[in-house]
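Participant: Please find the sequence and the predicted model below.
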Protein chains: 2
Amino acid sequence: MYEDRIRLATLMDKVMTADRAAALFSDGMTVGMSGFTRAGDAKALPLALVERARQAPLHLTLLTGASLGNDSDGLMANAGVVARRMPFQADAALRRKINTGEVMFIDQHLSETAEQLRSGDLKAVDIAVIEAVAITEDGSIIPTMSVGNTASFAQQAAQVIIEINLAAPLALEGFHDIYVPHARPEREPIPLTSPLQRIGATAIAIDPARIAAIVITDSADSPSNALPPDTETDAIARHVVAFLEGEVAAGRMGPQLLPLQAGIGTIANAVLHGLSASSFRDMTMYSEVLQDSAIALLDSGHLAVASASSITLSAATHERFIANLEQYRDRIVLRPQEISNHPEIVRRLGIIALNTALEFDIYGNVNSTHVGGTHMMNGIGGSGDFARNGQLSIFVSKSVAKDGAISSVVPFAAHVDHTEHDVDVLVTEWGLADLRGLAPRERAPLIIEQCAHPDYRPQLRAYVEQALAGGGQTPHVLEQALAWHARYKREGTMLVK
Amino acid sequence: MYEDRIRLATLMDKVMTADRAAALFSDGMTVGMSGFTRAGDAKALPLALVERARQAPLHLTLLTGASLGNDSDGLMANAGVVARRMPFQADAALRRKINTGEVMFIDQHLSETAEQLRSGDLKAVDIAVIEAVAITEDGSIIPTMSVGNTASFAQQAAQVIIEINLAAPLALEGFHDIYVPHARPEREPIPLTSPLQRIGATAIAIDPARIAAIVITDSADSPSNALPPDTETDAIARHVVAFLEGEVAAGRMGPQLLPLQAGIGTIANAVLHGLSASSFRDMTMYSEVLQDSAIALLDSGHLAVASASSITLSAATHERFIANLEQYRDRIVLRPQEISNHPEIVRRLGIIALNTALEFDIYGNVNSTHVGGTHMMNGIGGSGDFARNGQLSIFVSKSVAKDGAISSVVPFAAHVDHTEHDVDVLVTEWGLADLRGLAPRERAPLIIEQCAHPDYRPQLRAYVEQALAGGGQTPHVLEQALAWHARYKREGTMLVK
Ligand SMILES: CC(C)(COP(=O)(O)OP(=O)(O)OC[C@H]1O[C@@H](n2cnc3c(N)ncnc32)[C@H](O)[C@@H]1OP(=O)(O)O)[C@@H](O)C(=O)NCCC(=O)NCCS
Ligand SMILES: CC(C)(COP(=O)(O)OP(=O)(O)OC[C@H]1O[C@@H](n2cnc3c(N)ncnc32)[C@H](O)[C@@H]1OP(=O)(O)O)[C@@H](O)C(=O)NCCC(=O)NCCS
């Protein structure tokens, strides 16, 4: 059995139950798991670790690509297995533990984790847990629906546990392109110059002697939890399309645009869907995650090719995708997140970065992560990798949250993830502010009149007027700067009544 | 005359006075001038433009490499010549005009200006004004003590004015390495893999037909205004050296370290001086600016080679440097700032970035630019290019300013230029906080106990205690977060009495 999945015969005797594999872990270890925005995560070991923690103390530092599916992040957090977590998560239960301080969360640029492991800035990974389609004749690992940090974990870990997922079709072989930069100082240029280009191997090469266990699973990735487009996201999408049409008309890019990146979540997915109503053809994506919208654009021909580190789909789109894999074989590449998000490549290709803000301020500083300035939502993810280094950095948001009680346009971002230097364009359902070449004093009226909800515009205008009296490159009334957030906490709304 | 300086004979009839060249300018133009941290700036045209503005309205958008010398920035600002300025400045008079809102200042990452010009995100340069050592036989321009954005300005401008500075020795020829990335989407990898490597030409190639005027000058660059090291900067330097020795001892880098970048100003210069008391040998620099400290380290052999975009020296060091140019010829390269600061190269080489903060907060967010959160000091310069993409990002600062009335360690940075994701190490004269792999809640006590002035530690501890009660990944008391800055404005000190 499994001969097509475990092609190196000497590894057959490593097959064991997840419970037995879980015995390899001990308290205090650093563990690297596959999984990136619910795609390609290990399915069995997280549950086995939860079980094991019932018998003996087990507090781990857990690294992944990004968020896990199957409630694994929450189950492990609730069982006390996760003492320290990086670089990203998106789970309600884990989020609670982070915000109470029970779990130490290190929120990182997704391109940087592998680099920090390589340079020794982070503690080395003891055990890697990797979901695979198969193990090849020479012991190389073929990942499933994401690559994430898997290649780096596998190269570095003392022991590697592989979960062969029978639900992942063998035909996924060939979708991956595994390239891992050399340690410094002998680093060469990364040779990639176009989104679909292959620069590495189709599997992760490791010494098979380090494969300590193989566990067989048979269950699908958790479906995407992005919500469908709505009136506001449709409006945001229209503004973005009109803006990009203007860029083409001005001759700043061709009708195939420059390679697109689109962030996670409902809004970015909806905006990308909006491109199907555009006249652009043969676009390319060089992104982190492909959501339903990317598959739809590939199907409609708007998108020619797409590169990412993971594919996270709704159940229906997943089924269609898997059933028609051959249609996508020459049009999709999955890469390590270090490469999908690499500053070198993002800058070279001139990515159009499209990410979602929780809030932004009147000068263009963006908060992507901290609700109310203090509480972690998900993490910065790759938004900084793309926003800093791409050709265009667009941030989208609905103008209000919580039925209008929160304005996403505020006087002063209560937490800054992206500074005004890294934000070219801001968009809400009301309109679009093109900030390129503008000083902060010029940005403020544009952002207020184009992007803020009309209910909040008078308050914002009043703030600016008061701030201008104090002067400066970036005028503020420090006593009032964070008063909106404080008011929401106190009175349940940012609106002055 | 000037045959050795103007080697293309047909250009001889372009020689004219600065006043005549100034007649080429008209109101509303965009002008790109050479000059980077007081080095290699055009000396005559700024004065001629001030003169011209007396006769007719002249409001320009002025782009440079970085700050100009010879009070040019201030003189032009006071004359109303500068309506819009980017990407950096460091002049007291211009700073005043920026902070009153009379000059629109666009504060940019220094690697990005050329990219934005190339992609059309900024209005094209009408006239380039470039200081040169000489013009070659084929009309190429040999820059003087800086390259900055000069190559991009010269390539793009409709008209080019060259100031041949007779005070700049002909022997500077050969120090420059001019490489300009191709427009997208046909961008190739930048082939540079080590700091001294030459990848371009020694002069800026342009079509000589676009050379509209040649002006002859004969005056030196303004000397650096960095102050000498003092007790605090010595202490900061000792902490940095001890930290780097620890990195070598831990095997994370060899005794020659990784290539160093050091920011502008007094403190960074002093820290670099401190490396002369270290055991490191054959270090390399891949930086923006070389100050006196870099020359001293080259002389002492601590530094093997140095790459930068400009050389800004005190009068004494400048004299010594010019008198001994041949000693430095094979050890120094001057590049366009797009290349000296390029994310691709900074990441590939794994730069150790050493920049100065005005203030930082208890979670590691850094303010490099805005005094009191509102008033522009100089600009972000290249600090973000290096801090984001390098291997190690170190920020240094004195723990207090204004005789102790201002704490540089605050609860909440009143302006954020560098987010906690981009800050690995913080240093003041009191000590060093190594933040790698730590969550915000772990960072706060470390930063307070290692870096804050003892007078301010009780206040900071009290803030953290109160903030923790509210929970979160990054606990804050929003009502109090900016109260320190407001108190300083009101009472003249951040200290609670
Ligand atoms: C910002 C982010 C949370 C938005 O997610 P989304 O699904 O597109 O957007 P939604 O409008 O559904 O907002 C998500 C939640 O944030 C809330 N929210 C939005 N703006 C808010 C604000 N200013 N203050 C408080 N809460 C806010 C919404 O109410 C919603 O809450 P709910 O889940 O309780 O309904 C998400 O994009 C993210 O985590 N981004 C950071 C990482 C990133 O950008 N990665 C990109 C590369 S992968
Ligand atoms: C931050 C920066 C201004 C420090 O300059 P420096 O010469 O090394 O440091 P100094 O301690 O002399 O400080 C300069 C001034 O800032 C003041 N200052 C320092 N900390 C301050 C604070 N927290 N609040 C207000 N003022 C402060 C000092 O009092 C001093 O004022 P003075 O000129 O009136 O005496 C300078 O490094 C800078 O502009 N950095 C941003 C750009 C950059 O990092 N470039 C690096 C790549 S080029």
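Facilitator: Good, I have the coordinates. Ligands and ions are numbered 1, 2, ... in the order given.

Participant: Using CSV, list the CA coordinates for the worst-scoring helix or strand of chain A on mean pLDDT.
Facilitator: In chain A, the helix or strand scored least confidently by mean pLDDT, DSSP states H and E is helix A:265-274, which has a mean of 90. Taking Å, rounded to 0.1, in the frame of the first residue of the first chain, the C-alpha atoms of helix A:265-274 are listed here in CSV:
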residue,chain,number,x,y,z
GLY,A,265,-9.9,37.9,3.8
THR,A,266,-13.3,39.0,2.5
ILE,A,267,-12.5,42.4,1.1
ALA,A,268,-9.5,41.6,-0.9
ASN,A,269,-11.2,38.5,-2.4
ALA,A,270,-14.2,40.7,-3.3
VAL,A,271,-12.0,43.3,-5.0
LEU,A,272,-10.3,40.7,-7.0
HIS,A,273,-13.7,39.4,-8.1
GLY,A,274,-14.4,42.9,-9.3
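
Participant: Next, see if it gets close to ligand 1.
Facilitator: Yes: shown here: helix A:265-274 in contact with ligand 1 (C-beta under 6 Å from any ligand atom) through A:265-268. Bear in mind the C-beta positions are built from the backbone N, C-alpha and C, glycine included.

Participant: just checking, A:Ser405 touches A:Leu495?
Facilitator: Slight slip there: residue A:405 is Ala, not Ser. Yes: with contact defined as C-beta atoms under 8 Å, A:Ala405 counts as touching A:Leu495 (7.3 Å).

Participant: Give me the more crowded residue out of those two.
Facilitator: Ranked by neighbour count (other C-beta atoms under 10 Å in any protein chain shown), A:Ala405 and A:Leu495 place A:Leu495 first, with 18 against 13.

Participant: that older thread, can you pick out the most distant pair from the residues of helix A:265-274 next to ligand 1?
Facilitator: A:Thr266 and A:Ala268 (7.7 Å; C-beta to C-beta).

Participant: quick one, which of these two is more surrounded?
Facilitator: A side-by-side neighbour count of A:Thr266 and A:Ala268, using other C-beta under 10 Å, places A:Ala268 first with 25 against 18.

Participant: ok so, going back, for the helix or strand that the least confident helix or strand of chain A is followed by, packing partners?
Facilitator: Next along the chain after helix A:265-274, taking DSSP states H and E as the criterion, comes strand A:283-286. When contacts are defined as 3 or more C-beta pairs under 8 Å, 6 or more residues apart in numbering or on different chains; DSSP states H and E, strand A:283-286 packs onto strand A:260-262, strand A:303-308, helix A:343-349.

Participant: redo that, cut-off 10 Å
Facilitator: When contacts are defined as 3 or more C-beta pairs under 10 Å, 6 or more residues apart in numbering or on different chains; DSSP states H and E, strand A:283-286 packs onto strand A:260-262, helix A:292-300, strand A:303-308, helix A:343-349, strand A:352-356.

Participant: Common neighbours of A:Ala405 and A:Leu495, please.
Facilitator: Common neighbours of A:Ala405 and A:Leu495, using C-beta atoms under 10 Å, 6 or more residues apart in numbering or on different chains, are A:Tyr488.

Participant: Pop out the phi and psi values for A:Val427.
Facilitator: The phi/psi pair for A:Val427 (degrees, to the nearest 10) reads phi -140, psi 130.

Participant: Could you verify my assumption that it touches A:Leu435?
Facilitator: No: counting by C-beta atoms under 10 Å, A:Val427 does not reach A:Leu435; the two are 11.1 Å apart.

Participant: So which of these two has more stuff around it?
Facilitator: With other C-beta under 10 Å as the criterion, A:Val427 and A:Leu435 differ in neighbour count, and A:Val427 comes out ahead with 27 against 21.

Participant: What segments of the stretch 151-300 of chain A are strands?
Facilitator: Under the criterion DSSP state E, counting those that start in this stretch, the stretch 151-300 of chain A contains strands at A:159-165, A:211-217, A:260-262, A:283-286, A:289-290.

Participant: Ligand 1 is nearest to which of those strands?
Facilitator: strand A:289-290 (5.9 Å; C-beta to the nearest ligand atom).

Participant: Okay, now the sheet partners of the closest one, with direction.
Facilitator: strand A:310-311 (parallel) (DSSP bridges).

Participant: which residues touch the nearest residue to A:Ile394 once chain neighbours are set aside?
Facilitator: Among residues not flanking A:Ile394 along the chain, A:Val425 sits closest, at 4.4 Å (C-beta to C-beta, 6 or more residues apart in numbering or on different chains). Counting by C-beta under 10 Å, 6+ apart, A:Val425 touches A:239-240, A:243-244, A:352-354, A:364, A:392-396, A:432-436.

Participant: Distance-wise, check A:Val425 relative to chain B.
Facilitator: Using C-beta to the nearest C-beta, to the nearest Å, A:Val425 is found at 10 Å from chain B.

Participant: Contact residues of the stretch 151-300 of chain A facing ligand 1?
Facilitator: For the stretch 151-300 of chain A, the residues in contact with ligand 1 (C-beta under 6 Å from any ligand atom) are A:263-268, A:288-289.
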